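J.: Pasting the sequence and the predicted model now:
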Amino acid sequence: MIKNILHSLFILQLFATLISCKKSEYLDANPDQKLVVPETLSDFQAILDNENYMNGNSSVNGLIPEFEVAGSDDYYAISSITSLPLNYVNLYKWNDDISQFNSNAWAFNYRSIFYTNVVLDGLSKLKVQSDQQALYNNIKGSALFYRSLVFFHLAQIYAPPFDLNTANLDLGIPLKLGSDINEKVQRSTLSQTYDRIIKGLKEAIPLLPVTPLYKTRPSKPAIYLLLAKVYLAMNDYTNAFLSADSCLISNGSLLDYNTLNSTNPYPFRRFNSEVLFQTLLINNPIVLSGIARVDSLLYNSYSNDDLRKDLFFQYDPVNGGNYFRGSYDESYYLFCGLANDEAYLIRAECNARNNNTRDAMNDLNALLQKRFKTGFFVPLIAANSTEALNKILDERRKELIFRGTRWTDLRRLNKGGANITITRTLNGQTYTLAPNSLKYTYLIPTEVIGFNPNMAQNLR
């Protein structure tokens, strides 16, 4: 049944996803009059439980745009990248000619949004019996969460970094809020984009449980952590703290890395105790272990007593360098979901920025104690909030490597004056991404602009 429903929705969502194809193909498409229409709570739950589209699945593809790793300084590429099609090389060089990946990132994410809107529109027409209210609430809350999650990640790619002084003028993303495929949607302002993300998450809080049935479904702690990430990207440290704190009050579990076996090819179990919500990066070989290597300076910043050094990385004796193998997906593919280690780091950072040095370092040390060999961890100290912040940001970089967080961090930290320049060398030529470059906002796919000529393109 669900396969028939998803097939029907796939046909109907062509406009919403804006998958790359000739315009005539849209005009020539004749929807099947016998399409199965979802109309029950079980139908709607099944749509949201489709892991391929709503979370990303390593056997099919991910969901989170690969630009959130590919554009960052988490890695460098070995020379074999030049054997890949030009699109891949251009992505590595921050060249705008990456239409294939742009189209996929846009299409996969707006497909997910379309499905959440089908669910929300369908729920609004249902008469719910009292014995089904809890299920109804869970489905509605989940749909609101998924839509806000995808809006947030699209905003990190296709909208500029948040600036309170210009957010009412800067362009955000198209906020598709209904399943009508004929609705014309233009870009919102950046302020409207973030307001909608936050509104959806706040509406979802009372609807979802503390502990989900599966970690591919959202929960209250997952909502709070996503809210913390949103507020952090907005430099709203008060609300980021409150959200991270609510997350950790609900579920503060940390994984003790001393219990893991570094001889396993992938030491971290999928759905481990730290994971709140599972999702994956869109597959792209330039950020996976066949080509991507961690910078030697970053690798050497992990002390020998730091278990992450062995658990996260593996030396490649053939091509040289250390590749990342520390995904919380227990696989080759990159986990970019929500986990408690990030909540500790956000709460620590916000405490430091709010001059609560002791609390900031307590959070940081609570995390690091689970990362170092038993008996070898010496708690970090800081004389003031500035020193605490620097230590926290250093550990954030090391803890969340290849999670997709670094891209948003570069955007927000450079807006705050961090002045971080990224350089890459390929075939003897150096490529640079300057602080606050316009290339920190990717171009909207040309196909999308072609279908929507009134939609403004990002500046170059």
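T.: Arrived safely, thanks for sending.

J.: Which residues are in contact with the closest residue to Asp163 other than its chain neighbours?
T.: Leaving aside its chain neighbours, Asp163 sits nearest to Lys415 (6.3 Å; criterion: Cβ to Cβ, 6 or more residues apart in numbering). (C-beta placed from N, C-alpha, C; glycine too.) Lys415 makes contact with 161-163, 235, 436, according to Cβ atoms under 8 Å, 6 or more residues apart in numbering.

J.: out of those residues, which is most surrounded?
T.: Phe162 (26 neighbours; other Cβ atoms under 10 Å).

J.: which stretches of the stretch 1-150 of the chain have low pLDDT?
T.: Within the stretch 1-150 of the chain, the ranges that satisfy pLDDT under 70 run 1-35, 59.

J.: Which parts of it are helices?
T.: Secondary structure of the stretch 1-150 of the chain (DSSP state H, counting those that start in this stretch): helices located at 2-12, 14-17, 23-28, 41-48, 51-54, 67-70, 86-92, 99-123, 133-158.

J.: same thing with the stretch 351-460 of the chain?
T.: Under the criterion DSSP H, counting those that start in this stretch, the stretch 351-460 of the chain contains helices at 357-368, 385-399, 405-415, 446-451.

J.: Please work out the angle formed by the directions of the longest one and helix 357-368.
T.: With axes from the mean of the first three to the mean of the last three Cα atoms, to 10 degrees as the criterion, the two stretches helix 385-399 and helix 357-368 enclose an angle of 20 degrees.

J.: What are the buried residues along helix 385-399?
T.: Buried residues in helix 385-399, counting neighbours by 16 or more other Cβ atoms under 10 Å, are found at 385, 387-389, 391-393, 395-399.

J.: distance between that helix and the chain's centre?
T.: 21 Å (Cα atoms, centre = their mean, to the nearest Å).

J.: so what secondary structure elements neighbour it?
T.: helix 340-353, helix 357-368, helix 405-415 (3 or more Cβ pairs under 8 Å, 6 or more residues apart in numbering; DSSP states H and E).

J.: Repeat the analysis, applying 7 Å as the threshold.
T.: helix 340-353, helix 357-368 (3 or more Cβ pairs under 7 Å, 6 or more residues apart in numbering; DSSP states H and E).

J.: Quick one: work out the angle between the longest one and helix 357-368.
T.: Between helix 340-353 and helix 357-368, the angle formed by their directions is 160 degrees, by the same axes, to 10 degrees.

J.: In CSV: the helices and strands packed on helix 385-399, plus mean pLDDT and mean neighbour count.
T.: Formatted as CSV, those follow (pLDDT from 0 to 100; neighbours: other Cβ atoms under 10 Å):
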stretch, mean pLDDT, mean neighbour count
helix 340-353, 98, 26
helix 357-368, 98, 20
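
J.: possible to save these as JSON lines with distance to Gly321?
T.: Shown next, in JSON lines, are these (distance: least, Cβ to Cβ, whole Å):
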{"stretch": "helix 340-353", "distance to Gly321": "25"}
{"stretch": "helix 357-368", "distance to Gly321": "26"}
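
J.: who wins for proximity to Ile78 among those helices?
T.: Taking Cβ to Cβ, helix 340-353 is the member of those nearest to Ile78, at 28.3 Å.

J.: Other residues contacting that closest one?
T.: For helix 340-353, contacts defined as Cβ atoms under 7 Å, 6 or more residues apart in numbering pick out 225, 228, 232, 237, 240-241, 244-245, 247-248, 251-254, 274, 276, 359-360, 363-364, 366-367, 385, 388-389, 392, 395-396, 399-400, 405.

J.: quick check: angle from that helix to helix 405-415?
T.: Using the same axes, to 10 degrees, the direction of helix 340-353 lies 10 degrees away from that of helix 405-415.

J.: got a list of what Asp305 touches?
T.: Contacts of Asp305 (Cβ under 7 Å, 6+ apart): 372-373, 376.

J.: That one and His153, how far apart?
T.: In this view, Asp305 and His153 are 35 Å apart by Cβ to Cβ, to the nearest Å.

J.: just Asp43 next, same as before
T.: Distance from Asp43 to His153, by Cβ to Cβ: 26 Å.

J.: So for those two, which sits in the more crowded spot?
T.: Higher neighbour count among Asp43 and His153: His153, with 25 against 18, using other Cβ under 10 Å.

J.: Surely the more buried one touches Glu66?
T.: No. Using Cβ atoms under 7 Å, His153 is not in contact with Glu66, being 10.9 Å away.

J.: Where does the prediction get shaky in the stretch 201-350 of the chain?
T.: For the stretch 201-350 of the chain, no range has pLDDT under 70.

J.: Please verify my assumption that Val339 contacts Glu274.
T.: In this structure residue 339 is Ala, not Val. Yes. Between Ala339 and Glu274 there is a contact under Cβ under 7 Å: 4.7 Å.
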